[in-house]
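Trainee: my questions are about this predicted structure, shown below with the sequence.
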Protein chains: 4
Amino acid sequence: MSESPNTGSLILKLHCPDQVGIVAAVSGYLADAGYNIRRSYQFEDDETKTFFMRTTVDPQANSAIRPTLEAGFAAIAERFKMTWGLHDPTRKMRMLPLVSKFGHCLNDLLYRWRSGLLPIDIPAVVSNHREFEELAKWHGLPFHYLPVDKTNKAAQEAALIELMDQYKIDLVVLARYMQVLSPDLCERLRGRCINIHHSFLPSFKGAQPYSQAFNRGVKLIGATAHYVTPDLDEGQIIEQAVERVDHTFTVDQLAALGRDIESVVLARAVQFHAEHRVTINGHKTVVFW
Amino acid sequence: MSESPNTGSLILKLHCPDQVGIVAAVSGYLADAGYNIRRSYQFEDDETKTFFMRTTVDPQANSAIRPTLEAGFAAIAERFKMTWGLHDPTRKMRMLPLVSKFGHCLNDLLYRWRSGLLPIDIPAVVSNHREFEELAKWHGLPFHYLPVDKTNKAAQEAALIELMDQYKIDLVVLARYMQVLSPDLCERLRGRCINIHHSFLPSFKGAQPYSQAFNRGVKLIGATAHYVTPDLDEGQIIEQAVERVDHTFTVDQLAALGRDIESVVLARAVQFHAEHRVTINGHKTVVFW
Amino acid sequence: MSESPNTGSLILKLHCPDQVGIVAAVSGYLADAGYNIRRSYQFEDDETKTFFMRTTVDPQANSAIRPTLEAGFAAIAERFKMTWGLHDPTRKMRMLPLVSKFGHCLNDLLYRWRSGLLPIDIPAVVSNHREFEELAKWHGLPFHYLPVDKTNKAAQEAALIELMDQYKIDLVVLARYMQVLSPDLCERLRGRCINIHHSFLPSFKGAQPYSQAFNRGVKLIGATAHYVTPDLDEGQIIEQAVERVDHTFTVDQLAALGRDIESVVLARAVQFHAEHRVTINGHKTVVFW
Amino acid sequence: MSESPNTGSLILKLHCPDQVGIVAAVSGYLADAGYNIRRSYQFEDDETKTFFMRTTVDPQANSAIRPTLEAGFAAIAERFKMTWGLHDPTRKMRMLPLVSKFGHCLNDLLYRWRSGLLPIDIPAVVSNHREFEELAKWHGLPFHYLPVDKTNKAAQEAALIELMDQYKIDLVVLARYMQVLSPDLCERLRGRCINIHHSFLPSFKGAQPYSQAFNRGVKLIGATAHYVTPDLDEGQIIEQAVERVDHTFTVDQLAALGRDIESVVLARAVQFHAEHRVTINGHKTVVFW
């Protein structure tokens, strides 16, 4: 995984129906435009007959400028029916974290952001509670308190959408945000909203996964970062991890260990997404790292 | 985990309702009988108010002989309503493996047994197929072919029970034995029969777990060793492990990696059981290692 | 690992030359004093013939009060030549973090402290640089800037010792403090000072471990928390962990992943120490968890 | 990792000095020859300015036949100064295992070979001891007993080389072969000989690594598969793994757990090599999986 972009580097990410000649067309075009391939991944899904590609290129002395490159590539993309994007790795994604009463993921993301460890910008924090107002403000961030109950859900989500527009948000992260988004909002955020679920999905869907894990007597607990879809806890999995536990763990101790796993798994999923490594493939993801 | 028994070492395993003075009574008795505690674990389950203990003791110059020790301990056990056993760690458990058409777990257990890596004796191999007859015979073991279909299940299980009696079996291991045991047989083998399930339970219960894992797009796959109970795949979990996978794995490749996990997880569960480290605690296990 | 103390619970930790009757004497005394054993670990080191024990006890209705319990136990301890301590698990250890220019471990420890996830109190932050003054102050903590160079090392350490006395520090944590402590200070802090080394020791001792790892082409990188001794990077290991890497990682990317490992490993080592789970055994540790 | 070859699939592996247009030239040529890219990996090493590529291609209806494809590619290879190979994934590498007195790795490799889990053929077994003669013969393999001592080392290695020629060996695997190969033999087998070292290198080089690990008190033990070079234990690392241990492990128990790690790590390294996933890059490896 991971790369340090050189000056002028670009990331090309695409997928399309598989056929002969895709790589030749893409790499031929890039070479003709004076770009050198530093790293590249390709994958063909035998089930869906879809071809996935992510390529990092460096400009050379006489390279085409980016708009020219992009315009020229559009023709190739049309020919192969590609879904594609050309990304500047130094342009940070704008991420909006939503949090409720557990702040470990938020704290971790804010620390990584401030330390330059994630290619993201965080312009604000949103919560349905007031617990992390002080933390947000210490980081110099506006804190938007959007409480939600049965009666105001539509209005609260409308306010949320307005904030996303206002801050030009690329990615919404549910950092232990304990509210189910409406189907409409899930649709609107399709592929742009990541949730951290505090279990190793598909084990222990729904509420209280650490209590479920305790009652089942599992010997490992885990966490899952996934895209949000209208089917709760059924979104495409981006990253998972587990840690060993034993019979001496109480529910609280499972949750304490689980918090460390959640923070790391969510940070990795955000990194993969922000580095343009993830493509949704039906119910699954392709993650090039 | 793990210990190398000294000559004359004994393992005392017990559980009972919790109350003050259990350890004092047990350790006082052992000291009076001239036994030295080398290693000991205790655990009190706050939920069930049950106390669990496993102690390894070494005899000294003037120790009581084992029958005397055992007879004297019975009085303490009765006073505290203990379920208990005093075990000679050099006495190997007699284990009967049942296998169908996947032999990796069987091969692994036979290798560990022959190399002295597990405190077990394997007197025979049972299968509902003929695939591993040659392997059993090469190891010098009788191979019992007990085919099963809808019409002969009761008779087949009766034959199985007869073999268990004949070989004085302590532990039955379903080493990828692709048959569901009858509720009666499950009851009879309660706490003495270990199954390896080829998923990280409770994910992917039932048939074809690697296909289920493939379809769900998980990023880790695992295996679970558990005691067999009448509720399929709901038995008490003894050991679990996982390995990382990605989008490039086909179902076959998930299964190939899974086989390595299964072999190791099953071997560990057998080791824990054979070393008297496991106690069933309702739907869970206490594993002292 | 891990336990939630009940009201009045106490932790007894001891080690002594091995002989028959230690557990009987200890547990008999505890039972007579009206204390119930909730959890207990014992271990006899066959090499050094030393016996180690850690026991958590709960008082009952008619228990002896703690000073009485402690006074009575002193006699047993003397008889068996024990090194021992009786600890109140609700009394938090006072921890002083020392940091230089990498703040991930400090940030992690401060977050866990504020969230009540570690049984410690942090009364101040010390650094030989000014980078984390703002962070300390946001947490409401005094920040002590103690710069050090070749000419003032003795004076700087004297100031450090004064701070430890002033804040009644139980545990010093070198949270990526990039200075070697003098042998005298190491001696003074023996068993009370934990360092995080950014490699899987004994691989890559000394400076620039991630560069060393990069040059060697290892496929896993790790971190090690150990007690500080006058022999640099040779102190007793408390905890270690690793993560997988591959050929695409630059030194910076190894270091980025390494920071996550360091934070978790150091937090665990601090937890184990603060919960009285660790005993030094020559060049090694016994960690009951 | 991993792929199931389709009929007629080919694997192209290459590396060369980096420059613009490599991928374009390669993929353009493949497309013109009627081959479809199923999966491809590229990597540019910023240090050595070397470009690495591994591509799996499927023939289409009108594809060039393999000799034509290969001949045409030679011109491109020459132009870019490539080191390259075009491999048929259904052609199994011929592997010769060398073993001494520990047979767990040998047993594991033989099992995987017989079960079709590794893309290798094993035509014989070589050992400087007689312990595994019976095992080899049960698998229907010739067993070559080549004892070695100070006086006959040159002659023994000459006999070994003769066997490699006779069996047309592609890959030699030191499956716990406890002899150091002569520098000449190491040179001759450069890039074609894999050793399993029973520690997490660079920790615990040389003899008795489990004793070293025991004495250092590490909390994880590991194993390392690497290419054999004249510098003992300094060869290019292909794969590593670790498992957790604690203070209760004796040297023997570390070794027992270590055997499981060794078997898995060696099997993976053999798989990566046999699937043409590994390229040596100076002191390191590039492993595409």
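Mentor: Looks like it arrived, so ask away.
Trainee: what helix or strand is residue A:259 on?
Mentor: Using DSSP states H and E, residue A:259 sits within helix A:251-274.
Trainee: how about that helix and chain C, any contact?
Mentor: Yes. Helix A:251-274 is in contact with chain C by Cβ under 8 Å from any Cβ of the partner chain, via A:252-253, A:256, A:259-260, A:264, A:267. (Glycine included, C-beta is placed from N, CA and C.)
Trainee: just give the closest residue to residue A:23, not the sequence neighbours.
Mentor: Of all residues not flanking residue A:23 in the chain, residue D:27 sits nearest, at 3.9 Å (Cβ to Cβ, 6 or more residues apart in numbering or on different chains).
Trainee: thought the one you found was touching residue D:37?
Mentor: Yes. Using Cβ atoms under 8 Å, residue D:27 is in contact with residue D:37, at 6.5 Å.
Trainee: the helix holding residue A:259: how far from the chain's middle?
Mentor: Computed by Cα atoms, centre = their mean, to the nearest Å, the chain-centroid distance of helix A:251-274 equals 13 Å.
Trainee: contacts for whichever helix or strand comes after that helix?
Mentor: Counting by DSSP H and E, the next helix or strand C-terminal to helix A:251-274 is strand A:278-281. Outside strand A:278-281, the residues that touch it by Cβ atoms under 8 Å, 6 or more residues apart in numbering or on different chains are A:13, A:15, A:45, A:48, A:50, A:52, A:54, A:191, A:227, A:236, A:238, A:269, A:272, A:285-287, B:217, B:247.
Trainee: show me the contact partners of the following helix or strand past strand A:278-281.
Mentor: Next helix or strand after strand A:278-281 toward the C-terminus (DSSP H and E): strand A:284-287. Strand A:284-287 is contacted from outside by A:15, A:43, A:45, A:52, A:227, A:236-239, A:272, A:277-279, B:216-217, B:219, B:246-247, using Cβ under 8 Å, 6+ apart.
Trainee: returning to what we had before: need phi/psi at the residue nearest to residue A:23.
Mentor: phi -70, psi -30 (degrees, to the nearest 10).
Trainee: excluding chain neighbours, what is closest to the residue in the stretch 101-250 of chain A positioned nearest to chain B?
Mentor: The stretch 101-250 of chain A approaches chain B most closely through residue A:217 (3.0 Å), counting by Cβ to the nearest Cβ. Excluding the flanking residues, the one nearest residue A:217 by Cβ to Cβ, 6+ apart is residue B:284, at 3.0 Å.
Trainee: also residue A:103?
Mentor: In space, and not counting its chain neighbours, residue A:103 is closest to residue A:132: 5.1 Å by Cβ to Cβ, 6+ apart.
Trainee: contacting residues around the one you found?
Mentor: Taking Cβ under 8 Å, 6+ apart, we find residue A:132 in contact with A:99, A:103, A:106, A:125, A:143.
Trainee: now the common contact residues for residue D:27 and residue D:37.
Mentor: Residues touching both residue D:27 and residue D:37 by Cβ under 8 Å, 6+ apart: A:23, D:55.
Trainee: what sits against residue A:190?
Mentor: By Cβ under 8 Å, 6+ apart, the residues touching residue A:190 are A:227, A:229.
Trainee: shouldn't it be within a helix?
Mentor: No. With DSSP: H, G, I helix; E, B strand; the rest coil as the criterion, residue A:190 is assigned coil and is not in a helix.
Trainee: give me the element the residue nearest to residue A:262 when sequence neighbours are not counted is part of.
Mentor: Distance criterion Cβ to Cβ, 6+ apart; nearest residue to residue A:262, sequence neighbours excluded, is residue A:223 at 4.3 Å. Using DSSP H and E, the element containing residue A:223 is strand A:220-227.
Trainee: for that strand, buried residues please.
Mentor: A:220-227 (16 or more other Cβ atoms under 10 Å in any protein chain shown).
Trainee: and that strand, which strands flank it?
Mentor: strand A:193-197 (antiparallel), strand A:237-244 (antiparallel) (DSSP bridges).
Trainee: so which of the ones you listed is the most surrounded?
Mentor: strand A:193-197 (a mean of 25; mean count of other Cβ atoms under 10 Å in any protein chain shown).
Trainee: next SSE downstream of that strand?
Mentor: Using DSSP H and E, the helix or strand that follows strand A:193-197 in sequence is helix A:209-216.
Trainee: and that following helix, is it in reach of chain C?
Mentor: No. Shown here: helix A:209-216 not in contact with chain C (Cβ under 8 Å from any Cβ), separated by at least 12.6 Å.
Trainee: now that helix against helix A:251-274, angle please.
Mentor: Calculated by axes from the mean of the first three to the mean of the last three Cα atoms, to 10 degrees, helix A:209-216 forms an angle of 130 degrees with helix A:251-274.
Trainee: for helix A:209-216, name the packing helices and strands.
Mentor: helix A:251-274 (3 or more Cβ pairs under 8 Å, 6 or more residues apart in numbering or on different chains; DSSP states H and E).
Trainee: try it again with 10 Å
Mentor: Counting contacts by 3 or more Cβ pairs under 10 Å, 6 or more residues apart in numbering or on different chains; DSSP states H and E, helix A:209-216 packs against strand A:220-227, helix A:251-274, strand B:284-287.
Trainee: tell me the buried residues in that helix?
Mentor: A:209-210, A:212-214, A:216.
Trainee: average pLDDT for stretch A:241-256?
Mentor: Mean pLDDT, stretch A:241-256: 91.
Trainee: endpoints of that stretch, how far apart?
Mentor: 15 Å (Cα to Cα, to the nearest Å).
Trainee: okay, buried residues for that stretch please.
Mentor: For stretch A:241-256, the neighbour count (16+ other Cβ under 10 Å) marks A:241-243, A:245-249, A:253-256 as buried.
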